[in-house]
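Asks: generate coordinates for the sequence data below:
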Amino acid sequence: MLTIDVFPASYGDALLVSYGAPDSPSRLLIDGGLTGTAKSVQKRVEALDAEIDLFVITHIDADHIAGAVRLLDTPSFAERVKAVWFNGRPHLEQFDDLLGALDGERLGERLDALGLPWNEGWPWRIAPGSPPEHAGGPVFIPDRPVRVQLPGGASAVVLSPTKEKLVKLLPVWRTTIRKAGLVDGVAIRRDPPEPPGRVLLGGPTLQELADSPTDDDDSEANGSSIAFVLEVPDGASTRRVLLTGDAHPDVLVAGIDHLRGDADRYRIDLCKLPHHGSRRNVTTEVVALLECSRWIVSTNGKRFNHPNDEAIARILVSNPGSTIYGNYGENRPLDSFLARYPMSRNGYTLSRPRAGHPGSIVSLDDF
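Replies: Reported below is the predicted structural model:
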């Protein structure tokens, strides 16, 4: 089996990946969304009576980490977690001493208190004597994708972040953790909304939308995202799921280009769109390297106008016949796109839960 629960995480990410034998699957939790998302995650995990073999907190934006803090502050949930990947202050400080003494971040403090295996399995360690003693080395790639074995015979081929992306986060770490609400007494600060896409006179074609020039994402926090390809053996073949966090497109392109080798494209079974379908992350260069027909967009469409029209157009132009999976029955940007580019005329499928029933489950066993 290989299924993904896409939780209703507002404009954030929270995904539960289950794979392996149906009677004893392995499970990965990717991010925890905003604080309010934690309740949905905990309810589902308890209903499954599941253990979380690995909890990956991709980066320190509030819409990915705030719910993770709440979950790990809940003893009945934390005891289900067996290991964590998260690049905290002890890991970033391996690259530079710019930070000095910092306010304690609640997630790092919680992981230290819980004594959970932290960034275990990486080929490097933090410097001897650096607290906490049980933490493994930073999750990053030195120059090319790194393969790490996971429970249940699967593996993660890590594409992001690079050392350079983590170093860029160092000078703004204090500001970023405050914005994410990781300092006691400081509320989460919201970034300004992203503007809607340009509407060309007469309406652009899909190709015109796809070709629209856009700047690449330059957020230091997003650049530090952990992104990887989950590979799950399935008989004589291997299932591949690309889990991108909010990773920068240049790093994704470099990693995918390396993995495809001599092939024209790198085949994957499913991709979670980076940065909720932002035009600045879902670039033509990224999707043109992928042979994929299934794409998850995790957002309610509010505040940031995600997914952007340009991102969806780039997917459909490069991979005709694709299916887009949403986790909300109502999403204004998707509704607008659907009205202007009907599925029947443009050869794609949009799959969403019924309005008022957020969250979705995508099962690769159905294909």
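Asks: and stretch 360-367, end to end?
Replies: In terms of CA to CA, to the nearest Å, the two terminal residues of stretch 360-367 are separated by 16 Å.
Asks: which stretches of the stretch 101-250 of the chain form helices?
Replies: When assigned using DSSP state H, counting those that start in this stretch, the helices of the stretch 101-250 of the chain occupy the ranges 106-114, 163-169, 173-179, 206-210, 220-223, 249-260.
Asks: got CSV for these, with distance to residue 364 too?
Replies: Glycine gets a C-beta too; all of them are placed from N, C-alpha and C. Formatted as CSV, the entries for these read as follows, by distance: least, CB to CB, whole Å:
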stretch, distance to residue 364
helix 106-114, 31
helix 163-169, 30
helix 173-179, 34
helix 206-210, 27
helix 220-223, 27
helix 249-260, 19
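Asks: and among the ones you listed, the most buried is which?
Replies: helix 220-223 (a mean of 23; mean count of other CB atoms under 10 Å).
Asks: now it: average pLDDT?
Replies: For helix 220-223, the per-residue pLDDT values average out at 95.
Asks: and that helix, how far from the chain's centre?
Replies: For helix 220-223, the separation from the chain centroid amounts to 12 Å (computed by CA atoms, centre = their mean, to the nearest Å).
Asks: ok, now stretch 348-367?
Replies: For stretch 348-367, the distance between its averaged C-alpha position and the chain's averaged C-alpha position is 18 Å (CA atoms, centre = their mean).
Asks: residues of it that come out buried?
Replies: Burial within stretch 348-367, assessed by neighbour count using 16 or more other CB atoms under 10 Å, is assigned to 348, 350, 352, 353, 358, 359, 360, 362, 364.
Asks: start to end distance for stretch 16-27?
Replies: Between the opening and closing residues of stretch 16-27 lies a distance of 7 Å (CA to CA).
Asks: sorry, slip of the keys, the one I care about is stretch 219-236.
Replies: Stretch 219-236 stretches 40 Å from its first residue to its last (CA to CA).
Asks: also stretch 150-163?
Replies: Distance across stretch 150-163, first residue to last, is 22 Å (CA to CA).
Asks: residues touching it, excluding its own?
Replies: With contacts defined as CB atoms under 8 Å, 6 or more residues apart in numbering, stretch 150-163 is touched by 19-20, 25-26, 28, 53-54, 82, 87, 95, 139-142, 145-149, 223-233, 244-245, 247-248, 251-252, 254-256, 259.
Asks: what's near enough to touch residue 268?
Replies: By CB under 8 Å, 6+ apart, the contact set of residue 268 is 229, 240, 241, 242, 290, 291, 292.
Asks: and the closest residue to it other than its chain neighbours, how far is that from residue 271?
Replies: Spatial nearest neighbour of residue 268, chain neighbours left out: residue 240 (4.3 Å); criterion: CB to CB, 6 or more residues apart in numbering. Between residue 240 and residue 271 the distance, using CB to CB, to the nearest Å, works out to 9 Å.
Asks: you'd agree residue 4 is up against residue 16?
Replies: Yes: in this structure, residue 4 is within contact of residue 16 by CB atoms under 8 Å, at 7.0 Å.
Asks: higher neighbour count, the two?
Replies: residue 4 (23 against 20; other CB atoms under 10 Å).
Asks: next secondary structure after the helix or strand the more buried one falls within?
Replies: Residue 4 is part of strand 2-6, with elements assigned from DSSP states H and E. Per DSSP H and E, strand 2-6 leads on to strand 15-19 as the next helix or strand towards the C-terminus.
Asks: which residues are contacting the following helix or strand past that next one?
Replies: Tracing the chain past strand 15-19, the next element assigned as helix or strand by DSSP H and E is strand 26-30. Outside of strand 26-30, the residues within contact range by CB under 8 Å, 6+ apart are 13-20, 41, 45, 50-56, 58, 81, 150-152, 154, 230, 243, 245, 272.
Asks: neighbouring strands for strand 26-30, and are they parallel or not?
Replies: Sheet neighbours of strand 26-30, with direction, are listed as strand 15-19 (antiparallel), strand 54-56 (parallel) (DSSP bridges).
Asks: re earlier: which one of the contacts of residue 268 is nearest residue 75?
Replies: Within the set of the contacts of residue 268, residue 241 lies nearest residue 75; the separation is 30.4 Å, counting by CB to CB.
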